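K.L.:
I need the structure of the sequence given here:
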Amino acid sequence: MKKLLSFIGLALISSSLYSQGSPEYGNGLKINLNPDGNKYVRFILWDQFWIRNTQMNPGSMVGGEPTDNTWNLGNRRARMLAYAQISKRYMIVAHFGVNNQTFINGGANGTSGTGGYGNGKKPQLFFHDAWNEYAVLMPGEAGKFSLTLGGGLHYYMGLSRMTMTSTLNFLTLDSPIFSWPLIDNSDQFARQMGVFAKGKYGKFEYRMSLNKPFATDLTPVNTTNSANAVAVDNNGNPHWSKAGYFEYQFLDSESNLLPFKVGSYLGTKKVFNIGAGFYHQAQGTRTSVNSTIEKHDITLLSVDAFADIPLGQAKNKMAISAYAGYFNYNFGPNYLRNLGTMNIAANDPNFVGQRAIAGPGNLQPMIGTGNVIYAQAGLLLPSQAEKPKIRIQPFAAYTHKNFDALDKPSSQFDVGANWFLDGHHAKITTQYSTRPVYTSATESPTSKGEFILQLQVYL
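P.N.:
So this is what the prediction gives:
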């Protein structure tokens, strides 16, 4: 019976690779395909549910009513990932789900109003990842060097650790978003279709990819003065993009089985890495000057560092998690993109006063030609209990953006805490965030805030 269960049943095998701060969880939902367990299918399911209060940008309305502050509920992510190691060299990955469903938006495409396909209902289920890979050189076959090649819709997008971050184990509540600089323009939810190579040489890890970006076709606004030209996403028949990320891991080595970089190990590893990355696509954006179209390359660069250090010898010891990165973005002249996560607001047509140039709701200047500095840090507090019911991890993050399209830079912060019920597998996160609000491109921004309570479970 034990052999049969090992062959076809769900196995929970203890491994620090998937512990995520929960030593009792093991390898999770895993179906072994042979008695040794080295051929298997692994499933990961998760949901992140938000309750939040948002100070709205001036000129906002929700549900046809003007508002400057509102409560909102939403499923930030509801997804499933499966991967199968059908031989020691070959693996296939599929990752699908929905994002950003609220009571008023995020529903099926083209639907509105009342009824079965009313506002926010029946969101689109789509693939986030779908790729396969082959290990050309396994660890140990060529000394310290390993090499895996793969292709499909993938997340090996280079640039930075934060660009390839896991959504399951953030230190803060969520991604800072700007680190996914192509999000849903020339990529599909931070992924592109192409081929990739990954591997290690001792403590050095590399990831490189060659991709065909998704086509974009925004029309640039014509200007008679080249200094006022504004680049927009329009790549026609896209040129190939090239991306890479290179990292040296000074202390414990991290797994590169999947592309998803861990945000906080909760004391289960001792990690210090430095990395650098890039993304480049020729002629990815366009401007119009005197009705003449000019094409511009997209060149994105970053350097970053990550540390996750346990403190002390006790079983439930403290741990420090920290990340810092510098990002240099060039999308062409004055490129600027305004985004707001799960934005539920529309423009109030009767508003009198200065509107936010980003738009209504929680929209803000998120991505643009210029520079971004980002840092985050958290401290996992100690516990005296053998099996503590709750572990607490306060954290803070700071973002400084200096975009060419805006005369004044902006600064914003996030502060909050993770309340771990079972590591990252079951946690509550509370966070207060600020964002810049520009009413003029030449003046300094004011600030608005947002409080979010997140409930997360993943299996």
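
K.L.:
Could you list the low-confidence segments of the protein?
P.N.:
In the predicted model, the chain carries pLDDT under 70 at residues 1-27, 110-111, 314-315.

K.L.:
Tell me where it has helices.
P.N.:
With helices called from DSSP state H, the chain shows them at 2-8.

K.L.:
how far does stretch 235-248 stretch from start to finish?
P.N.:
Using CA to CA, to the nearest Å, the end-to-end distance of stretch 235-248 comes out at 34 Å.

K.L.:
In that stretch, which residues are buried?
P.N.:
Residues 235, 238-239, 241-245, 247 are the ones in stretch 235-248 that count as buried (16 or more other CB atoms under 10 Å). (Glycine included, C-beta is placed from N, CA and C.)

K.L.:
now swap in stretch 120-127 and tell me
P.N.:
Buried residues in stretch 120-127, counted by 16+ other CB under 10 Å: 120, 123.

K.L.:
do stretch 365-385 as well
P.N.:
Within stretch 365-385, the residues that qualify as buried are 365-372, 374-383, counting by 16+ other CB under 10 Å.

K.L.:
before we move on, what about stretch 298-315?
P.N.:
In stretch 298-315, the ones that count as buried by 16+ other CB under 10 Å are 298-302, 304-310.

K.L.:
right, and the pair among those with maximum separation?
P.N.:
The distance between the two most remote of these (CB to CB) is 39.5 Å, for I298 and P310.

K.L.:
on that earlier part again, mark which of the buried residues of stretch 235-248 are part of strands, please.
P.N.:
Using DSSP state E, the members of these that fall within strands are 241-245, 247.

K.L.:
ok, residues contacting stretch 139-154?
P.N.:
The contact list for stretch 139-154 (CB atoms under 8 Å, 6 or more residues apart in numbering) reads 93, 127-138, 156, 188, 191-202, 209, 259.

K.L.:
Distance to G150 added to the buried residues of stretch 298-315, as TSV?
P.N.:
Written out in TSV, the entries for these read as follows (distance: CB to CB, whole Å):
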residue	distance to G150
I298	23
T299	25
L300	22
L301	24
S302	23
D304	24
A305	27
F306	24
A307	29
D308	27
I309	32
P310	33
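
K.L.:
re earlier: so how do I select the buried members of the contacts of stretch 139-154 in ChimeraX?
P.N.:
For selection in ChimeraX, the members of the contacts of stretch 139-154 meeting the burial criterion (16+ other CB under 10 Å) are listed in this command:
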select :93,128,129,131,132,133,135,156,188,191,192,193,194,195,196,197,198,199,200,209,259
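
K.L.:
Just want the most central residue of the protein.
P.N.:
With distances taken as CA atoms, centre = their mean, the chain has S175 as the residue nearest its mean C-alpha position (4.8 Å).

K.L.:
Leaving out chain neighbours, which residue sits closest to it?
P.N.:
Distances taken as CB to CB, 6 or more residues apart in numbering put T165 closest to S175, at 6.1 Å, once the chain neighbours are dropped.

K.L.:
Who are the contact partners of K389?
P.N.:
With contact taken as CB under 8 Å, 6+ apart, K389 is in contact with L421.

K.L.:
Next, work out how far apart it and N402 are.
P.N.:
Between K389 and N402 the distance, using CB to CB, to the nearest Å, works out to 44 Å.

K.L.:
Look up which residues are beta-bridged to the nearest residue to N211 once chain neighbours are set aside.
P.N.:
Nearest in space to N211, with sequence neighbours left out and distances taken as CB to CB, 6+ apart, is G194 at 3.0 Å. Using DSSP bridges, the beta-bridge partners of G194 come out as G152, N211.

K.L.:
any idea how far G194 lies from N334?
P.N.:
Noted for G194: a distance of 29 Å to N334, by CB to CB.

K.L.:
What of S186?
P.N.:
S186 sits 18 Å away from N334, taking CB to CB as the criterion.

K.L.:
Same check on I44?
P.N.:
In this structure, I44 lies at 41 Å from N334, with CB to CB as the measure.

K.L.:
Comparing these two, which shows the higher neighbour count?
P.N.:
N334 (21 against 18; other CB atoms under 10 Å).

K.L.:
The residue nearest to N211 against L210, yeah?
P.N.:
Yes. G194 is within contact range of L210, at 5.3 Å (criterion: CB atoms under 8 Å).

K.L.:
and for the two, which residues touch both?
P.N.:
240-241.

K.L.:
For the residue nearest to A375 when sequence neighbours are not counted, give me its contacts.
P.N.:
In space, and not counting its chain neighbours, A375 is closest to A324: 4.3 Å by CB to CB, 6+ apart. Residues touching A324, when contacts are defined by CB under 8 Å, 6+ apart, comprise 304-305, 373-376.

K.L.:
how far is stretch 379-394 from where the chain is centred?
P.N.:
The gap between the average C-alpha position of stretch 379-394 and the chain average comes to 26 Å, counting by CA atoms, centre = their mean, to the nearest Å.

K.L.:
Show me what E133 is bridged to.
P.N.:
When assigned by DSSP bridges, E133 has beta-bridge partners M91, G150.

K.L.:
Could you do L336 as well?
P.N.:
G368.

K.L.:
Would you quantify the distance from it to A441?
P.N.:
Separation of L336 from A441 (CB to CB) stands at 9 Å.

K.L.:
shared neighbours of those two, anything?
P.N.:
When contacts are counted by CB under 8 Å, 6+ apart, L336 and A441 have 405-406 as shared neighbours.

K.L.:
between those two, which one's more packed in?
P.N.:
More crowded of L336 and A441, by other CB under 10 Å: L336, with 21 against 14.

K.L.:
so that one makes contact with L406?
P.N.:
Yes. With contact defined as CB under 8 Å, L336 counts as touching L406 (7.3 Å).

K.L.:
Between the two, which contacts overlap?
P.N.:
Taking CB under 8 Å, 6+ apart as the contact criterion, the common neighbours of L336 and L406 are 365, 368.

K.L.:
Can you give me the distance of the residue nearest to I390 when sequence neighbours are not counted to I92?
P.N.:
Excluding the flanking residues, the one nearest I390 by CB to CB, 6+ apart is W419, at 5.7 Å. In this view, W419 and I92 are 36 Å apart by CB to CB.

K.L.:
Next: M193.
P.N.:
Counting by CB to CB, the gap from M193 to I92 is 15 Å.

K.L.:
wait, isn't H95 in contact with D129?
P.N.:
Yes. The pair H95 and D129 qualifies as a contact (CB under 8 Å) at a distance of 3.8 Å.

K.L.:
Next, show the common contact partners of these two.
P.N.:
Counting by CB under 8 Å, 6+ apart, the contacts common to H95 and D129 are L81.

K.L.:
quick one on the thing from earlier: check the buried residues of stretch 235-248 and tell me the two furthest apart.
P.N.:
The two members of these with the most space between them (CB to CB) are N235 and E247, at 28.7 Å.
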